[in-house]
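J.: All I have is the shape, not the residue letters:
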């Protein structure tokens, strides 16, 4: 299969691009930046050809479908979209600083697939998935997810630039303490049965949401809290990526039993590991990373200060990304999905968790788009809402299957 | 003297003001986003037994009281949706006339006052006098797709132009789309129903079994205005809804993906052939439905949803018989399982000896082997046949679904498998939703509206060309309601082209 080889080549080119973008940030040499851009373009070209080839291969195998229907393909497509959206940003804003933040995500996503060789087979589709509506739905959803991902990256930079100082260490101790208390509590309550597990998740959800609301309302006043929020988001993103990466590797090494969804094994190597010592280690790593992010963030800010665009421009970029992604998400994520559901099941909306979470995500980005008309809500609040929106995206894509399906077994219709 | 406002007027004004604020919209969206989470954590619409198994009794009581088990249909959630819709409607009514005025406003050349207020402007001199400058400006405007309004007075030439004025409507298209989706969903809840029908092959039904009754019928019946068409089962079973016609299942089948060795057991398609008959038993139409391709008749839609076995029903095998080495399509005969039938065209009697859901022929030896299939799925249905000539056995053979035109026929005709009939039912999801077209209209508008709103912008440009001591002084100014950075780029481009 030529497509797999090309995907590997694209991954290597992205790796080179990533290294170049990071060196560009460190050395600030125009030549390095240009080389980074050029290699990203070439990588995207190679990946485009690979995607096209995979589509053709599926026809040669007599299955004939767009390469968008399983986790492998969705990751590849998400990477492709993200790199594309990033390049558009690079061209429009004539700045290469974001490459150092976006390209690692693209590279890691592809690297996991290549290193582990997760099921890359072109497998046939179950009847319900054979619909053009579904194709448009997935296509547009992932393009919008990519714009939200870039918006998230930019918002993160905004929040870092927005921070004036770390603030009192009480903040970080409180956050670390909360994890130390809540994580074991979660395991204990989950062990006591669904009643306690649901109570725990509802309580945790309420706590997190309360914090988000507080941040949005008081974010501009309490900069030390927004800085903590920044540290938590960075930790969350890095932690999720790393934990999933470890899972991918181990899952493949174990020679997975045929037919078993590997989503079932996510976080098995870390946060859902049966061994207590591994659990403690995993959480210790999280605590360490959070502490490191929080204590080193200001140093990063000082390094980035000269090369990063102004905060106004970062704010404008975030708005543009979301103003581009939201229409696509409305049309693709919600409308096309609903039309597909109606043609397959006779209901365009059934409030199943996946649907509901995509609606929640849509609500959050709708809040973002209207927030600028509310007096006093400016850059900081907007960046926080954009970050929370992306947490919604992640939860729609992964959390519904991981967390909620752990609470109760849902039928896989919305898979 | 100013007229005193009545209390009603004051309250109405207050309510209107309350609903016309964007702040309310943001607050409602935040509340909706937060409470929506609850119903994704607590499983919805399960049986009371299941809840009692999962939660303690008090928890179940509290959740029950708050409506958490069917959260998205509770009065308080629906009220939240109502408030959002009211908010959207009032905001639209409040701002739309203003937008219409902007759209309808005629283009006017700009005055000094207006020019002062604009941030984006540029002054430059064009060599070659007024005429040259006018010509240049007009040319650039047209090249950029503007159709300017020209005004001329002594020593002063003015242009005013705009583009994308209708992009101001995008936000209203979006908001109205959401109002429509809400109205359509309500219509469906009041006048529509969801039902199911398990229909065995060969059978017809004029009723479907309701999952939920149309609210309108319930209200009318409760008020004693009209009797509900619903047929209640005296034994407390599922209530039935009459269709006003018969729907019949002619056959149901599953296709499987083919691997290198034959069918893989992975379904590629479920399909049923349905016929609709009117109450006088005259056929109205036939349709083969598949997943994603339902049948709609008189506002009621039938979706392929499931299937299952009818263990005690007698099966019947449909066979096709045609002469060898001929293009003749042959004839189809039906033989009940275990029975025999005489086929005049070949002067033979065929007996259907046995049926197996999953048989495979070894391509090398021609031998037939049988496999277990999960849930007795008909992965490759196989029938053993005995061919008799005047009660004297001639030979035995197998016919199977994947083996059309089998070479294992010793005589000068070919028997092939068509269908094994009567042992399964098709599970149909049946819905009536008269609001779906309103919702779909909303959907279309939701696809278009945001694009108009976010991808377009209302751009205005003005130019004044003044004669100053024989030199043409050109002042260019512009404004855009959205995407100001993009407009600035376009503006600078225009300025550059004029100054060239």
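T.: Right, received. Where do you want to start? Just so we're clear, the structure is a prediction, and the values are computed from it rather than from any experiment.
J.: switch to C-alpha atoms for all contacts and neighbour counts from now on
T.: Will do.
J.: Okay, now the unreliable bits of the stretch 201-350 of chain A?
T.: A:248, A:251-266 (pLDDT under 70).
J.: how about a cut-off of 80?
T.: A:219-220, A:241, A:244-270, A:272-273 (pLDDT under 80).
J.: Is the strand or helix carrying residue B:79 positioned near chain A?
T.: Following DSSP states H and E, one finds residue B:79 within helix B:75-104. No - on the criterion C-alpha under 8 Å from any C-alpha of the partner chain, helix B:75-104 is out of touch with chain A, staying 11.6 Å away.
J.: List the buried residues of that helix.
T.: The neighbour-count check on helix B:75-104 (16 or more other C-alpha atoms under 10 Å in any protein chain shown) flags B:77, B:81, B:83-92, B:94, B:96, B:99, B:103 as buried.
J.: Smallest gap between chain B and chain A, at which residue?
T.: residue B:292 (4.2 Å; C-alpha to the nearest C-alpha).
J.: Pull up the gap between residue B:116 and residue B:39, please.
T.: 55 Å (C-alpha to C-alpha, to the nearest Å).
J.: Neighbour count for the two, which is higher?
T.: Ranked by neighbour count (other C-alpha atoms under 10 Å in any protein chain shown), residue B:116 and residue B:39 place residue B:39 first, with 19 against 12.
J.: Now the more buried one: which helix or strand?
T.: helix B:22-41.
J.: on contacts alone, who are the packing partners of that helix?
T.: helix A:194-218, helix A:353-371, helix B:75-104 (3 or more C-alpha pairs under 8 Å, 6 or more residues apart in numbering or on different chains; DSSP states H and E).
J.: how many degrees apart are it and helix B:75-104 in direction?
T.: On the basis of axes from the mean of the first three to the mean of the last three C-alpha atoms, to 10 degrees, helix B:22-41 is oriented at 140 degrees to helix B:75-104.
J.: So what's the gap between helix B:22-41 and the chain middle?
T.: How far helix B:22-41 lies from its chain's middle: 25 Å, per C-alpha atoms, centre = their mean, to the nearest Å.
J.: And for stretch A:229-247?
T.: On C-alpha atoms, centre = their mean, the centre of stretch A:229-247 falls 10 Å from the chain's centre.
J.: neighbouring contacts of it?
T.: A:112, A:156, A:159-160, A:265-270, A:286, A:289-290, A:293-294, A:297, A:387 (C-alpha atoms under 8 Å, 6 or more residues apart in numbering or on different chains).
J.: repeat for stretch B:42-59
T.: Contacts for stretch B:42-59 (C-alpha under 8 Å, 6+ apart): A:193-195, A:198, A:408, B:60, B:68-71.
J.: Quick one, grab the pLDDT at residue B:265.
T.: Among the per-residue scores, residue B:265 shows a pLDDT of 75.
J.: again with residue A:62
T.: 65.
J.: Any idea which of the helices and strands packed on helix B:22-41 gets closest to residue A:339?
T.: Taking C-alpha to C-alpha, helix A:353-371 is the member of the helices and strands packed on helix B:22-41 nearest to residue A:339, at 12.5 Å.
J.: Can you tell me what sits against that closest one?
T.: A:319, A:322-323, A:326, A:329-330, A:333-334, A:349, A:377, A:382, A:385-386, A:388-390, A:392-393, A:395-396, A:400, A:404, A:414, B:22-23, B:26, B:29-30, B:32-34, B:36-37, B:39-40.
J.: mind running it again at 7 Å?
T.: The contact list for helix A:353-371 (C-alpha atoms under 7 Å, 6 or more residues apart in numbering or on different chains) reads A:326, A:377, A:382, A:385-386, A:389, A:392-393, A:396, A:400, A:414, B:26, B:29, B:33, B:36, B:40.
J.: With stretch B:20-32 instead?
T.: For stretch B:20-32, contacts defined as C-alpha under 7 Å, 6+ apart pick out A:363, A:367, A:370-371, A:373-374, B:84, B:87, B:90-91, B:94.
J.: same deal with stretch A:211-225?
T.: A:163, A:166-167, A:226, A:380-381, A:384.
J.: From these, list just the buried residues.
T.: If we count by 16+ other C-alpha under 10 Å, those have these buried: A:163, A:166, A:226, A:380-381, A:384.
J.: Now do the contacts for residue A:321.
T.: Residue A:321 neighbours (C-alpha under 7 Å, 6+ apart): A:147-148, A:151.
J.: how does it look with 6 Å?
T.: A:147, A:151 (C-alpha atoms under 6 Å, 6 or more residues apart in numbering or on different chains).
J.: Then it would be within a helix, right?
T.: Yes - under DSSP: H, G, I helix; E, B strand; the rest coil, residue A:321 sits within a helix.
J.: got the residues of chain A near chain B?
T.: Counting by C-alpha under 6 Å from any C-alpha of the partner chain, chain A comes close to chain B at A:126-128, A:194-195, A:327, A:331, A:335, A:343-344, A:353, A:360, A:363, A:367, A:374.
J.: Make CSV from the buried ones among the contacts of stretch A:211-225 and add distance to residue B:275 and secondary structure to it.
T.: Listed next are the buried ones among the contacts of stretch A:211-225 as CSV, based on distance: C-alpha to C-alpha, whole Å; DSSP: H, G, I helix; E, B strand; the rest coil:
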residue, distance to residue B:275, secondary structure
A:163, 69, coil
A:166, 72, coil
A:226, 64, helix
A:380, 62, helix
A:381, 59, helix
A:384, 57, helix
